[in-house]
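Student: Fold the following, please.
(2 chains)
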Amino acid sequence: MKIVGISGSLVGSKTRTAMNQLSKEMTEKYPDAAFTLIDLAEYTLQFSDGRNYLEYEGDTGYVTKTIMEADAIVIGTPVFQASIPAPLKNVFDLLPVNAFRDKVVSIFVTAGSAKHYLVAEQQLKPILSYMKAQLVQSFVFIEEKDFHNKEIVNDDVFFRIERLVEDTVLLTETYRKLREEKEAQYDF
Amino acid sequence: MEQYRIDPNKGLEFGLYTLGDHIPDPNTGKRISATQRIHEIIELAKLADEAGIDYFSVGESHQDYFATQAHAVVLGAIAQATKKIKIGSSSTIISTSDPVRVYENFATIDLISNGRAEIVAGRASRVGLYRLLGYDLRDYEALFEEKFDLLLKLNEEEVVNWSGNFRAPLEDAKVLPRPKNGSLPIWRAVGGTSASAMKAGYAGVPMMLAALGGPASLFKHNIDAYRETAKRSGFDPAELPVGTTGFFFAAETSQEAMREMYPYINEGMKLTNGQGFPKQAFAQAADKRNVINVGSPQEIIEKILYQHELFGHQRYLAQMDFGGMPFERLAKNIDIIGTEILPAIRKYTAKK
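Tutor: Numbering: from 1, shown residues only, chains lettered A, B, ... in the order given. The predicted structure follows:
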């Protein structure tokens, strides 16, 4: 099972801090899963120009191909101006319309204020659904006050990230089995 | 229809097209050489000609896993190797070519073939060729429109005066040689949206519509939009041929056809497009209402007639060689087309 974590911001530390925790949880709990962390802050991506994802080169090509090869994707995103950051939206724009077909996608959000709670629900999920993702319905919402000195200080966040990791893997395995069962019924 | 060399009395024309893909056979993992692939395409055209198939075309794709980038050269060889079959492109990416050179090439193919050549001009679904050939992708639309207009002008006028943004102007220019009968049928290749179909309607040129999957009724909307736009632009839709293109594979039974075809479509799409063809979607191809013509000869006949009833189109082009399909199976399909499918289609669509 290939799982990719996307840390969806070029600035700030909260999303990456939470992603580090998720990454630790994932590799400890599921050592057989191949987990790849893509922190968008570490790559220089060009804007989407409409070409097929296979035709991008360099960082852009690496990121698009790595995502397309994944069975599951965990998206970590901060909230900017009541929405997802532009670099994360650009990743979606670089991919084909049905890029997440047969892929499981789960989400955690870091935000400065509880007022942003519905951003993932109303803005990120519709994009992922349009791109045909199998969504892990519950996402993890982490606030400013859950962090201190670039560390998570709220025990509940550890538990919620743990559950997100479990749910992501569970849904990926379940969906794979269901799909294989369904496809075995076709005689071609 | 006459200027497009189509006789409506003869009913729906049946053709074959290849994108010239050069992909390992998923069942063996082996890929034939480019030499062999090109020779097999020429051989396929010969077999199609002998089987009485109406049309054979070759496309250009400038990317990995393709072998007919120089499609006009391949068509030159096909022109020499065949006798009666009409030949053309599927398609010529006019945006990244010089229309003058394209016209010279195809007029020459027309002379070699004794008046059998046509051009289908497209915009390319993949855009890697823009960089390869030195064009700016931001000019995607403008390049096509300007160059396609020029191509049409070269076809209509023997002495051309023209100026534009993407090519040096032409002053009293003669583009030679001229085609055998004065002009070539030139079609506009249209992809998924009705907006694209309407563009062909505005120009009043024949439309070749890609119909790769989904319900046939979906494509009917595009054809309606094309004809309505043509009418509003002052053209008579009854004089404008419509062609459709799509996947095709026949075997004794539909189960056999689907089993044989699926790995080629799925693996071929993965290599050329980056995503496979979902089994669930392919399973729906068995339905008569689905536009993919896979099945037993009888089922395919029924599908093509159903599509003809919906579309009222003049030409259907079948793509059966995609994904590294071995030559023996293609030859067998041509045999089935020639002996079973063509006679039935002609019987039911030709005017009596």
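
Student: Wait, B:Val102 touches B:Ile119, no?
Tutor: Yes. Counting by C-beta atoms under 8 Å, B:Ile119 is a contact partner of B:Val102 at 7.0 Å. Quick note: C-beta positions are derived from backbone N, CA and C, even for glycine.

Student: out of those two, which sits in the busier spot?
Tutor: Neighbour count, other C-beta atoms under 10 Å in any protein chain shown: between B:Val102 and B:Ile119, B:Ile119 has more, with 29 against 23.

Student: just to revisit the earlier point, what touches both of B:Val102 and B:Ile119?
Tutor: B:Thr92, B:Leu151 (C-beta atoms under 8 Å, 6 or more residues apart in numbering or on different chains).

Student: who's in contact with A:His116?
Tutor: Taking C-beta under 8 Å, 6+ apart, we find A:His116 in contact with A:Val79, A:Ala82, A:Val109.

Student: Report the separation between the first one and A:Ala133.
Tutor: Looking back up the chat, that one is A:Val79. Distance of A:Val79 to A:Ala133, given as C-beta to C-beta, to the nearest Å: 20 Å.

Student: in which helix or strand would I find B:Lys199?
Tutor: Using DSSP states H and E, the element containing B:Lys199 is helix B:194-203.

Student: Using a markdown table, please lay out the contacts of A:His116 together with distance to chain B and secondary structure.
Tutor: Formatted as a markdown table, these follow (distance: C-beta to the nearest C-beta, whole Å; DSSP: H, G, I helix; E, B strand; the rest coil):
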| residue | distance to chain B | secondary structure |
| --- | --- | --- |
| A:Val79 | 31 | coil |
| A:Ala82 | 31 | coil |
| A:Val109 | 28 | strand |
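
Student: neighbour-wise, which of the residues you listed leads?
Tutor: Counting by other C-beta under 10 Å, top hit in those: A:Val109 with 25 neighbours.

Student: Mind listing the residues bridging to it?
Tutor: A:Val109 forms beta bridges with A:Thr77, A:Phe141, as assigned by DSSP bridges.

Student: picking that back up, for B:Leu184, state which of the contacts of A:His116 is nearest.
Tutor: Closest to B:Leu184 out of those is A:Ala82 (56.6 Å), distances taken as C-beta to C-beta.

Student: got a list of what that closest one touches?
Tutor: A:His116, A:Val119 are the contacts of A:Ala82 under C-beta under 8 Å, 6+ apart.

Student: Ok, A:Glu144 next?
Tutor: Contacts of A:Glu144 (C-beta under 8 Å, 6+ apart): A:Lys14, A:Ala111, A:Gly112, A:Ser113.

Student: what does A:Thr27 give?
Tutor: So A:Thr27 contacts A:Ala33, A:Phe35 (C-beta under 8 Å, 6+ apart).

Student: how near is it to A:Ile3?
Tutor: 10 Å.

Student: what do you get for B:Gly276?
Tutor: Counting by C-beta to C-beta, the gap from B:Gly276 to A:Ile3 is 20 Å.

Student: Next: B:Thr35.
Tutor: 43 Å.

Student: neighbours around the closest residue to chain B within chain A, how many?
Tutor: Going by C-beta to the nearest C-beta, chain B is nearest to A:Phe188 of chain A, at 4.0 Å. Using other C-beta under 10 Å, A:Phe188 has 20 neighbouring residues.

Student: re earlier: and B:Gly276 and A:Ile3? Which one has more around it.
Tutor: Higher neighbour count among B:Gly276 and A:Ile3: A:Ile3, with 24 against 18, using other C-beta under 10 Å.

Student: Return the set of residues that bridge with that one.
Tutor: A:Phe35, A:Ala72.

Student: Just to check, it is in contact with A:Asp32?
Tutor: No. With contacts counted by C-beta under 8 Å, A:Ile3 stays clear of A:Asp32, the gap being 10.8 Å.

Student: List the buried residues of stretch B:270-283.
Tutor: Residues of stretch B:270-283 classed as buried: B:Leu271, B:Thr272, B:Gly274, B:Gln275, B:Gly276, B:Phe277, B:Pro278, B:Lys279, B:Phe282, B:Ala283 (neighbour count, 16 or more other C-beta atoms under 10 Å in any protein chain shown).

Student: Likewise for stretch A:74-82?
Tutor: A:Val74, A:Ile75, A:Gly76, A:Thr77, A:Pro78, A:Val79, A:Phe80.

Student: And stretch B:93-111, by the same measure?
Tutor: B:93-97, B:99-100, B:102-110.

Student: ok, those residues vs B:Glu156, which is closest?
Tutor: For those, the nearest to B:Glu156 is B:Tyr103 (11.1 Å; C-beta to C-beta).

Student: Now that closest one: which helix or strand?
Tutor: Per DSSP H and E: helix B:99-112 holds B:Tyr103.

Student: and the helix or strand following that helix, what does it pack onto?
Tutor: Next helix or strand after helix B:99-112 toward the C-terminus (DSSP H and E): strand B:119-122. Applying 3 or more C-beta pairs under 8 Å, 6 or more residues apart in numbering or on different chains; DSSP states H and E, we find strand B:119-122 packed against strand B:86-89, strand B:92-93, helix B:140-156, strand B:186-190.

Student: Mind putting those into JSON lines with distance to chain A and mean pLDDT?
Tutor: Output for the helices and strands packed on strand B:119-122, formatted as JSON lines (distance: least, C-beta to the nearest C-beta, whole Å; pLDDT from 0 to 100):
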{"stretch": "strand B:86-89", "distance to chain A": "21", "mean pLDDT": "98"}
{"stretch": "strand B:92-93", "distance to chain A": "14", "mean pLDDT": "97"}
{"stretch": "helix B:140-156", "distance to chain A": "8", "mean pLDDT": "97"}
{"stretch": "strand B:186-190", "distance to chain A": "18", "mean pLDDT": "97"}
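
Student: would a markdown table of the ones you listed with distance to B:Gly338 be doable?
Tutor: Formatted as a markdown table, those follow (distance: least, C-beta to C-beta, whole Å):
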| stretch | distance to B:Gly338 |
| --- | --- |
| strand B:86-89 | 16 |
| strand B:92-93 | 27 |
| helix B:140-156 | 32 |
| strand B:186-190 | 25 |
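
Student: now B:Arg232, nearest residue through space, not along the chain?
Tutor: B:Gly201 (7.8 Å; C-beta to C-beta, 6 or more residues apart in numbering or on different chains).

Student: Just want to check the distance between that neighbour and B:Val190.
Tutor: Going from B:Gly201 to B:Val190 by C-beta to C-beta gives 10 Å.

Student: anything in contact with each of A:Thr27 and A:Ile3?
Tutor: With C-beta under 8 Å, 6+ apart as the test, A:Thr27 and A:Ile3 both reach A:Ala33, A:Phe35.

Student: Give me every residue in chain B lying close to chain A.
Tutor: Residues of chain B found near chain A (C-beta under 8 Å from any C-beta of the partner chain) are B:63, B:126-128, B:137-138, B:140, B:255, B:258-259, B:261-262, B:273-275, B:278-280, B:282-283.

Student: Buried ones among the contacts of A:Glu144?
Tutor: A:Lys14, A:Ala111.
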